[in-house]
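A.B. asks: Pasting the sequence and the predicted model now:
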Amino acid sequence: MNLILLGAPGAGKGTQATMIADRYHIVHISTGDIFRANIKNGTEIGKLAKSYIDKGELVPDEVTVAIVKDRLTWDDCKNGYLLDGFPRNLYQAEELDKFAEIDGVVNINIDFGLLMDRLCGRRVCKECGESYHISTLGGKTTCARCGGELYQRKDDNPETVRSRLDVYTSQTAPLIDYYTKKGVILNFTGTEAPASVLFEEVKTALDRLAK
Ligand code: AP5
Ligand code: MG
(Lines give C-alpha, C1' and ligand atoms only; values in the text may rest on other atoms or scores of the structure.)
(Ligands and ions follow the chains in the order given, each with its own letter.)
Protein backbone atom coordinates (compact mmCIF):
# COMPACT_ATOMS: atom_id res chain seq x y z
CA MET A 1 0.00 0.00 0.00
CA ASN A 2 1.42 3.39 -1.01
CA LEU A 3 -0.19 6.20 0.97
CA ILE A 4 -0.06 9.96 1.43
CA LEU A 5 -0.96 11.78 4.63
CA LEU A 6 -2.46 15.19 4.05
CA GLY A 7 -3.37 17.76 6.68
CA ALA A 8 -2.53 21.16 8.14
CA PRO A 9 0.48 21.62 10.45
CA GLY A 10 -0.43 19.99 13.75
CA ALA A 11 -3.36 18.02 12.32
CA GLY A 12 -1.67 14.88 13.63
CA LYS A 13 0.03 13.54 10.49
CA GLY A 14 3.16 12.37 12.30
CA THR A 15 1.14 10.87 15.15
CA GLN A 16 -1.12 8.88 12.82
CA ALA A 17 1.84 7.98 10.58
CA THR A 18 3.63 6.08 13.34
CA MET A 19 0.51 3.99 14.04
CA ILE A 20 -0.26 3.39 10.35
CA ALA A 21 3.33 2.38 9.54
CA ASP A 22 3.37 -0.08 12.48
CA ARG A 23 0.09 -1.72 11.59
CA TYR A 24 0.60 -2.09 7.84
CA HIS A 25 4.39 -2.66 7.90
CA ILE A 26 5.07 0.18 5.52
CA VAL A 27 7.82 2.76 5.79
CA HIS A 28 7.07 6.24 7.14
CA ILE A 29 8.73 8.96 5.07
CA SER A 30 8.39 12.48 6.47
CA THR A 31 10.02 15.22 4.40
CA GLY A 32 9.98 17.45 7.48
CA ASP A 33 11.93 14.80 9.45
CA ILE A 34 14.40 14.39 6.57
CA PHE A 35 15.04 18.15 6.53
CA ARG A 36 15.41 18.31 10.33
CA ALA A 37 17.94 15.43 10.24
CA ASN A 38 19.90 17.32 7.57
CA ILE A 39 19.83 20.50 9.69
CA LYS A 40 21.10 18.55 12.70
CA ASN A 41 23.93 17.06 10.63
CA GLY A 42 24.87 20.43 9.12
CA THR A 43 24.56 19.29 5.47
CA GLU A 44 24.18 21.66 2.51
CA ILE A 45 20.54 20.56 2.16
CA GLY A 46 20.08 21.25 5.87
CA LYS A 47 21.49 24.77 5.55
CA LEU A 48 19.19 25.53 2.64
CA ALA A 49 16.12 23.93 4.26
CA LYS A 50 16.63 25.79 7.54
CA SER A 51 16.32 29.18 5.86
CA TYR A 52 12.82 28.24 4.64
CA ILE A 53 11.59 26.12 7.57
CA ASP A 54 12.41 28.84 10.12
CA LYS A 55 10.11 31.21 8.21
CA GLY A 56 7.36 28.61 7.78
CA GLU A 57 7.84 28.55 4.00
CA LEU A 58 8.21 25.57 1.69
CA VAL A 59 11.68 24.32 0.82
CA PRO A 60 12.17 24.71 -2.99
CA ASP A 61 10.37 22.05 -5.03
CA GLU A 62 13.39 20.81 -6.98
CA VAL A 63 15.24 19.91 -3.77
CA THR A 64 12.22 18.29 -2.12
CA VAL A 65 11.09 16.32 -5.16
CA ALA A 66 14.63 14.99 -5.77
CA ILE A 67 14.86 13.78 -2.15
CA VAL A 68 11.55 11.91 -2.33
CA LYS A 69 12.23 10.49 -5.78
CA ASP A 70 15.49 9.01 -4.52
CA ARG A 71 14.00 7.84 -1.20
CA LEU A 72 11.29 5.83 -2.96
CA THR A 73 13.96 3.75 -4.75
CA TRP A 74 15.24 2.33 -1.44
CA ASP A 75 14.56 -1.37 -0.77
CA ASP A 76 12.43 -0.67 2.30
CA CYS A 77 9.78 0.94 0.09
CA LYS A 78 9.02 -2.32 -1.70
CA ASN A 79 6.33 -3.28 0.85
CA GLY A 80 4.72 0.12 0.59
CA TYR A 81 5.24 3.56 2.08
CA LEU A 82 3.50 6.43 3.76
CA LEU A 83 4.43 9.94 2.64
CA ASP A 84 3.97 12.46 5.48
CA GLY A 85 4.20 16.10 4.39
CA PHE A 86 4.73 15.37 0.69
CA PRO A 87 3.34 16.47 -1.72
CA ARG A 88 2.60 19.95 -0.43
CA ASN A 89 1.60 21.76 -3.61
CA LEU A 90 0.25 20.92 -7.05
CA TYR A 91 3.67 20.88 -8.69
CA GLN A 92 4.96 18.28 -6.21
CA ALA A 93 1.80 16.19 -6.70
CA GLU A 94 2.21 16.20 -10.47
CA GLU A 95 5.89 15.28 -10.18
CA LEU A 96 5.03 12.45 -7.77
CA ASP A 97 2.59 11.07 -10.36
CA LYS A 98 5.56 10.56 -12.69
CA PHE A 99 7.41 8.15 -10.36
CA ALA A 100 4.85 6.70 -7.92
CA GLU A 101 1.47 4.99 -7.79
CA ILE A 102 -0.64 6.11 -4.86
CA ASP A 103 -3.38 3.84 -3.48
CA GLY A 104 -4.88 6.18 -0.91
CA VAL A 105 -4.63 9.67 0.58
CA VAL A 106 -5.46 9.95 4.28
CA ASN A 107 -6.69 13.53 4.61
CA ILE A 108 -7.12 14.94 8.14
CA ASN A 109 -9.40 17.99 8.18
CA ILE A 110 -9.15 20.01 11.37
CA ASP A 111 -10.39 23.29 12.82
CA PHE A 112 -7.43 25.71 12.82
CA GLY A 113 -8.51 26.86 16.29
CA LEU A 114 -7.06 23.65 17.73
CA LEU A 115 -3.67 23.98 16.10
CA MET A 116 -1.87 26.95 17.67
CA ASP A 117 -1.96 25.45 21.17
CA ARG A 118 -1.08 21.96 19.92
CA LEU A 119 1.97 23.22 18.03
CA CYS A 120 3.27 25.84 20.45
CA GLY A 121 2.89 23.35 23.32
CA ARG A 122 4.53 20.46 21.45
CA ARG A 123 7.76 18.96 22.72
CA VAL A 124 9.56 16.34 20.65
CA CYS A 125 12.06 13.67 21.69
CA LYS A 126 15.53 14.25 20.22
CA GLU A 127 16.16 10.52 20.08
CA CYS A 128 12.99 8.75 18.92
CA GLY A 129 10.85 11.64 17.63
CA GLU A 130 7.88 10.97 19.95
CA SER A 131 5.66 14.06 20.42
CA TYR A 132 4.20 15.35 23.69
CA HIS A 133 2.19 18.35 24.79
CA ILE A 134 3.54 20.39 27.71
CA SER A 135 0.16 20.16 29.45
CA THR A 136 0.69 16.40 29.92
CA LEU A 137 4.38 16.47 30.89
CA GLY A 138 4.05 17.79 34.45
CA GLY A 139 7.40 19.55 34.08
CA LYS A 140 9.26 16.47 32.79
CA THR A 141 11.90 17.17 30.16
CA THR A 142 12.68 13.62 29.04
CA CYS A 143 10.87 11.10 26.84
CA ALA A 144 8.69 8.52 28.60
CA ARG A 145 9.43 6.02 25.84
CA CYS A 146 13.23 6.16 25.49
CA GLY A 147 14.50 8.69 28.06
CA GLY A 148 15.72 11.06 25.34
CA GLU A 149 15.79 14.81 25.89
CA LEU A 150 12.69 16.74 24.77
CA TYR A 151 13.02 19.89 22.68
CA GLN A 152 10.76 22.47 21.07
CA ARG A 153 10.84 22.69 17.25
CA LYS A 154 12.08 26.10 16.14
CA ASP A 155 9.06 26.50 13.81
CA ASP A 156 6.61 25.87 16.69
CA ASN A 157 6.16 29.53 17.66
CA PRO A 158 3.06 31.70 17.01
CA GLU A 159 4.52 33.77 14.17
CA THR A 160 5.91 30.80 12.21
CA VAL A 161 2.80 28.69 12.86
CA ARG A 162 0.66 31.47 11.33
CA SER A 163 2.83 31.45 8.25
CA ARG A 164 2.74 27.61 8.03
CA LEU A 165 -1.06 27.70 8.20
CA ASP A 166 -1.20 30.34 5.43
CA VAL A 167 1.06 28.19 3.25
CA TYR A 168 -1.15 25.18 3.94
CA THR A 169 -4.31 27.09 2.94
CA SER A 170 -2.91 28.57 -0.26
CA GLN A 171 -0.67 25.75 -1.51
CA THR A 172 -1.50 22.42 0.14
CA ALA A 173 -5.29 22.47 0.66
CA PRO A 174 -5.92 22.45 -3.14
CA LEU A 175 -4.49 18.91 -3.13
CA ILE A 176 -7.68 17.70 -1.44
CA ASP A 177 -9.52 18.48 -4.65
CA TYR A 178 -6.71 17.03 -6.78
CA TYR A 179 -6.87 13.65 -5.04
CA THR A 180 -10.66 13.69 -4.72
CA LYS A 181 -10.84 13.89 -8.52
CA LYS A 182 -8.49 10.93 -8.75
CA GLY A 183 -10.84 8.97 -6.46
CA VAL A 184 -8.17 8.09 -3.88
CA ILE A 185 -9.06 10.43 -1.02
CA LEU A 186 -10.08 9.16 2.43
CA ASN A 187 -11.45 12.00 4.56
CA PHE A 188 -11.23 12.25 8.36
CA THR A 189 -11.83 14.95 10.94
CA GLY A 190 -9.29 15.69 13.64
CA THR A 191 -10.86 16.56 17.00
CA GLU A 192 -9.88 17.05 20.62
CA ALA A 193 -10.33 13.32 21.17
CA PRO A 194 -7.14 11.30 21.68
CA ALA A 195 -5.19 10.34 18.56
CA SER A 196 -6.13 6.68 19.11
CA VAL A 197 -9.80 7.55 18.42
CA LEU A 198 -8.94 8.96 15.00
CA PHE A 199 -6.68 5.99 14.33
CA GLU A 200 -9.62 3.58 14.81
CA GLU A 201 -11.42 5.35 11.95
CA VAL A 202 -8.30 5.43 9.78
CA LYS A 203 -7.72 1.72 10.42
CA THR A 204 -11.24 0.80 9.32
CA ALA A 205 -10.78 2.64 6.03
CA LEU A 206 -7.27 1.31 5.40
CA ASP A 207 -8.21 -2.28 6.23
CA ARG A 208 -10.84 -2.01 3.50
CA LEU A 209 -8.31 -0.50 1.07
CA ALA A 210 -5.70 -3.17 1.84
CA LYS A 211 -8.09 -6.02 0.92
P1 AP5 B 1 6.56 19.08 8.72
O2 AP5 B 1 7.56 18.50 9.62
O3 AP5 B 1 5.85 18.20 7.75
O4 AP5 B 1 5.53 19.90 9.59
P5 AP5 B 1 3.97 20.26 9.43
O6 AP5 B 1 3.30 19.87 8.18
O7 AP5 B 1 3.94 21.69 9.78
O8 AP5 B 1 3.31 19.34 10.42
P9 AP5 B 1 3.72 19.02 11.88
O10 AP5 B 1 4.81 17.99 11.89
O11 AP5 B 1 3.98 20.28 12.65
O12 AP5 B 1 2.37 18.44 12.43
P13 AP5 B 1 1.74 17.00 12.27
O14 AP5 B 1 0.54 17.08 11.37
O15 AP5 B 1 2.77 15.97 11.94
O16 AP5 B 1 1.19 16.80 13.72
P17 AP5 B 1 1.73 15.91 14.94
O18 AP5 B 1 1.34 14.49 14.72
O19 AP5 B 1 3.16 16.20 15.28
O20 AP5 B 1 7.22 20.24 7.86
C21 AP5 B 1 8.01 21.24 8.49
C22 AP5 B 1 8.58 22.18 7.44
O23 AP5 B 1 9.44 21.46 6.54
C24 AP5 B 1 7.56 22.86 6.52
O25 AP5 B 1 7.01 24.02 7.10
C26 AP5 B 1 8.43 23.17 5.29
O27 AP5 B 1 9.21 24.29 5.51
C28 AP5 B 1 9.33 21.94 5.21
N29 AP5 B 1 8.75 20.89 4.34
C30 AP5 B 1 8.31 19.66 4.73
N31 AP5 B 1 7.82 18.97 3.70
C32 AP5 B 1 7.95 19.78 2.62
C33 AP5 B 1 7.60 19.66 1.24
N34 AP5 B 1 7.00 18.56 0.76
N35 AP5 B 1 7.88 20.69 0.41
C36 AP5 B 1 8.49 21.80 0.86
N37 AP5 B 1 8.82 22.00 2.15
C38 AP5 B 1 8.55 21.01 3.02
O39 AP5 B 1 0.80 16.50 16.08
C40 AP5 B 1 0.96 17.83 16.54
C41 AP5 B 1 0.81 17.87 18.07
O42 AP5 B 1 -0.54 17.53 18.39
C43 AP5 B 1 1.71 16.85 18.80
O44 AP5 B 1 2.14 17.41 20.01
C45 AP5 B 1 0.78 15.67 19.06
O46 AP5 B 1 1.17 14.95 20.21
C47 AP5 B 1 -0.57 16.36 19.22
N48 AP5 B 1 -1.70 15.55 18.76
C49 AP5 B 1 -1.78 14.74 17.68
N50 AP5 B 1 -2.99 14.19 17.58
C51 AP5 B 1 -3.71 14.69 18.62
C52 AP5 B 1 -5.05 14.52 19.07
N53 AP5 B 1 -5.90 13.72 18.44
N54 AP5 B 1 -5.45 15.22 20.15
C55 AP5 B 1 -4.59 16.04 20.81
N56 AP5 B 1 -3.32 16.22 20.46
C57 AP5 B 1 -2.89 15.57 19.37
MG1 MG C 1 4.83 16.00 11.51
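C.D. replies: Structure's in. What do you need? Ligands and ions are numbered 1, 2, ... in the order given.

A.B. asks: need the contact list for the residue of the chain found nearest ligand 1.
C.D. replies: Across the chain, the shortest distance to ligand 1 (C-beta to the nearest ligand atom) belongs to Gly32, at 1.9 Å. Any C-beta I mention is one placed from the backbone N, CA and C, and that applies to glycine too. When contacts are counted by C-beta atoms under 8 Å, 6 or more residues apart in numbering, Gly32 touches 14, 53, 84-85.

A.B. asks: nearest to Glu95, of those?
C.D. replies: Gly85 (14.9 Å; C-beta to C-beta).

A.B. asks: So that closest one versus Glu57, what's the distance?
C.D. replies: According to C-beta to C-beta, to the nearest Å, Gly85 and Glu57 sit 14 Å apart.

A.B. asks: Determine the three-state secondary structure at the residue of the chain closest to ligand 1.
C.D. replies: Secondary structure state of Gly32, per DSSP: H, G, I helix; E, B strand; the rest coil, is helix.

A.B. asks: Return the per-residue confidence for it.
C.D. replies: Per-residue pLDDT puts Gly32 at 97.

A.B. asks: Need the mean per-residue confidence for the longest helix seen in the chain.
C.D. replies: Counting by DSSP state H, the longest helix found in the chain is helix 195-210. Mean per-residue pLDDT for helix 195-210: 97.

A.B. asks: returning to what we had before: compare Gly85 and Glu57 (neighbour count), which wins?
C.D. replies: Between Gly85 and Glu57, Gly85 has the larger neighbour count (other C-beta atoms under 10 Å), namely 23 against 15.

A.B. asks: how far away is the more buried one from Thr204?
C.D. replies: Distance from Gly85 to Thr204, by C-beta to C-beta: 24 Å.

A.B. asks: same thing with Asn41?
C.D. replies: Taking C-beta to C-beta, one finds Asn41 at 39 Å from Thr204.
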